[in-house]
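>>> have a look at this fold, sequence not included:
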């Protein structure tokens, strides 16, 4: 009886070895044949395998790269590379992935961006160890429910697709920290989004989202929320529960107000709400004790609550393109303020308390209805001042104010009480992008919003620095610029937009 039992055990081991032998004996040679099959199926038979294999470990291929090779198909042999931990197949012409992609159970990083993939196979859910998944710039319209099985996933990037909705299973990604969804066709978010309690960054700009679920308030770890260029008309009160939030971007929506609960966001240091339909601000805006940048231009705000003066760390306040007729005296309490933009409003004067802004270095109040400036304004020691296109008259200003204006804006008189230039003409953006240098400031104008780059080159074409690489609204922009950081010689500032490229030369002498 004991002998029979041992015999059965030996037979079991024998058969186990036979059936697992292909797996146990997988070698680099076998992996190379799989890589060769991928190349050959795409007509790349002249490319050596070792050009595509980036890394090997333990006699196996663990990292491959097929970026920009015009691949049109991914054969089933990809599933034989079972030791892969990373795969890069971006910039190709793939329209689908084989089910065998699910065999890559050891993989931790998948980057298959800039292809034409229409759908992800359900087998994608087998990649239990993947922590970085990038399918950006494809043609996905949805994500499979199996995406929720990727419980090790920390970063999911599916931006610039055609996704119209998210599966409820998205809420199962308990370890997800960053979710990039911008440039899709989302109209709503599922309530399950609130189950992503480890999520730190949620990027949703350039979608069609009209409302946010109340459950978004459960994202207690969230520090960055980007909702730029959607169709939001309001924010849920639960937004106030995001007490770890540091940045919130609401530009380019249809918001008419901000909820009072926004005052709970004590850690927010950047609040952007440009290009909405805001008419007022809640008094609770003054509770944002960590706020450094407040961008509210191109709304219809008629007044600023006095509580705005309670922002001890505010450095940059932008209110261009609103309907302001006055400013509260409490604006003088903003001791950290160094940039103040008040262009294109209906201001006739500014409060005398503005002279208390001892750290203010940029003051721009062009295209208003100014008839008076208080004597206290001479306390401002500025790097840049713009008083153009107002109704200032030297007969209504003290000699001290006139002298101050002549120092900080020498051309201020030339544009006062100009009746031949309408507001519409003044505010119209230029037909082409342009750049102007003045002292330590760089001015650039954009015909419309879009992604731009602003870079500095030497005369040999070597890139010295990138000043801007982001989306910007149309119109005029001002940027602090210190050419002294570059060595002596001639340099070129290049502004690149979808409307064209312009260059501006400069000289550094030390």
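Right, received. Where do you want to start? Computed from a prediction, not measured in an experiment: that's the story for all the values here. Residues are numbered from 1 along each chain as shown.

>>> use CA for all of it now, contacts and neighbours both
Fine.

>>> okay, now the unreliable bits of the stretch 301-450 of the chain?
For the stretch 301-450 of the chain, the stretches with pLDDT under 70 are 419-432, 438-440.

>>> no no, the chain
In the chain (pLDDT under 70), the answer is 1-26, 51-52, 54-57, 419-432, 438-440, 484-485, 499, 507-510.

>>> now do 90
Scanning the chain for pLDDT under 90 picks out the ranges 1-32, 35, 44-62, 64-70, 417-510.

>>> and it, what are its domains?
What automatic domain parsing lists as the domains of the chain is 26-305, 324-428, 429-508.

>>> just those domains: most buried one?
Highest mean neighbour count among the domains of the chain (mean count of other Cα atoms under 10 Å): domain 26-305, with a mean of 20.

>>> quick one on the thing from earlier: among the domains of the chain, which comes closest to residue 311?
Evaluated over these, closeness to residue 311 peaks at domain 26-305, with 5.5 Å, by Cα to Cα.

>>> how far does the closest one sit from its chain's centre?
For domain 26-305, the separation from the chain centroid amounts to 13 Å (computed by Cα atoms, centre = their mean, to the nearest Å).

>>> likewise stretch 409-416?
Centre-to-centre, stretch 409-416 and its host chain are 38 Å apart (Cα atoms, centre = their mean).

>>> and the domains of the chain as JSON lines, adding distance to residue 312?
Converted to JSON lines, the domains of the chain look like this (distance: least, Cα to Cα, whole Å):
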{"stretch": "domain 26-305", "distance to residue 312": "6"}
{"stretch": "domain 324-428", "distance to residue 312": "6"}
{"stretch": "domain 429-508", "distance to residue 312": "22"}
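
>>> ok, which stretches of the protein are helices?
2-24, 28-40, 399-408, 423-427 (DSSP state H).

>>> which outside residues touch the third one?
Taking contacts as Cα atoms under 8 Å, 6 or more residues apart in numbering, the residues outside helix 399-408 that touch it are 373, 374, 375, 377, 378, 382, 383, 384, 385, 394, 412.

>>> at 10 Å what do you get?
The contact list for helix 399-408 (Cα atoms under 10 Å, 6 or more residues apart in numbering) reads 363, 372-387, 393-398, 409-413.

>>> and the residues you listed, which of them are in strands?
Among those, DSSP state E puts 363, 384, 385, 386 in strands.

>>> test my guess that the last one contacts residue 363.
Okay, so that is residue 386. Yes - the pair residue 386 / residue 363 is scored as a contact, 6.6 Å apart, by Cα atoms under 10 Å.

>>> overlap in contacts of the two?
Residues touching both residue 386 and residue 363 (Cα under 10 Å, 6+ apart): 341, 342, 343, 408.

>>> residue contacts, residue 397?
Residue 397 makes contacts with 371, 372, 373, 374, 375, 403, as judged by Cα under 10 Å, 6+ apart.

>>> any idea how far it lies from residue 381?
Look at residue 397 and residue 381: by Cα to Cα, to the nearest Å, they are 19 Å apart.

>>> I'd say residue 322 and residue 367 touch.
No - with contact defined as Cα under 10 Å, residue 322 does not count as touching residue 367 (11.4 Å).

>>> identify the contacts common to those two.
With Cα under 10 Å, 6+ apart as the test, residue 322 and residue 367 both reach 342, 343, 344, 345, 346.

>>> okay, the ones in strands among the contacts of helix 399-408 in TSV with distance to residue 49 next?
Formatted as TSV, those follow (distance: Cα to Cα, whole Å):
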residue	distance to residue 49
363	61
384	60
385	62
386	63
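
>>> narrow the shared contacts of residue 386 and residue 363 to those in strands?
Under the assignment DSSP E, these contribute residue 341 to strands.

>>> which one of the shared contacts of residue 386 and residue 363 sits closest to residue 272?
Lowest distance from residue 272 to the shared contacts of residue 386 and residue 363 (Cα to Cα) belongs to residue 341, with 14.1 Å.

>>> and that closest one, how close does it get to residue 220?
Remark: distance between residue 341 and residue 220 (Cα to Cα) = 33 Å.

>>> again, but for residue 368
In this view, residue 368 and residue 220 are 42 Å apart by Cα to Cα.

>>> who are the contact partners of residue 501?
Counting by Cα under 10 Å, 6+ apart, residue 501 touches 432, 433, 434, 452, 453, 454, 494, 495.

>>> ok, now with 8 Å
Counting by Cα under 8 Å, 6+ apart, residue 501 makes contact with 433, 494, 495.

>>> so it bridges to which residues?
Under DSSP bridges, the beta-bridge partners of residue 501 are residue 496.

>>> which ones are touching the closest residue to residue 505 other than its chain neighbours?
Of all residues not flanking residue 505 in the chain, residue 492 sits nearest, at 4.5 Å (Cα to Cα, 6 or more residues apart in numbering). Going by Cα under 8 Å, 6+ apart, residue 492 touches 456, 457, 458, 459, 503, 504, 505, 506.

>>> now with 10 Å?
Residues near residue 492 by Cα under 10 Å, 6+ apart: 455-464, 502-507.

>>> in a markdown table, list the shared contacts of residue 322 and residue 367 along with distance to residue 109.
A markdown table is the format used below for these (distance: Cα to Cα, whole Å):
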| residue | distance to residue 109 |
| --- | --- |
| 342 | 48 |
| 343 | 48 |
| 344 | 49 |
| 345 | 51 |
| 346 | 54 |
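
>>> distance of the residue nearest to residue 255 when sequence neighbours are not counted relative to residue 246?
Using Cα to Cα, 6+ apart and skipping the chain neighbours, the partner closest in space to residue 255 is residue 233 (4.3 Å). Plainly put, residue 233 is 22 Å away from residue 246 if you go by Cα to Cα.

>>> next: residue 364.
Residue 364 is 27 Å from residue 246, where distance means Cα to Cα.

>>> again, but for residue 141
Residue 141 sits 31 Å away from residue 246, going by Cα to Cα.

>>> repeat that for residue 205.
Taking Cα to Cα, one finds residue 205 at 17 Å from residue 246.

>>> surely residue 71 touches residue 39?
Yes - taking Cα under 10 Å as the definition, residue 71 is a contact partner of residue 39 at 8.3 Å.

>>> check contacts around residue 160.
113-114, 135-140, 180-185, 206-207.

>>> just the ones in strands from those residues, please.
Per DSSP E, the contacts of residue 160 map to strands at residue 180.

>>> and which of the contacts of residue 160 is nearest residue 251?
Among the contacts of residue 160, residue 206 lies closest to residue 251 (Cα to Cα), at 10.5 Å.

>>> surely the closest one and residue 162 touch.
No - in this structure, residue 206 is not within contact of residue 162 by Cα under 10 Å, at 11.2 Å.
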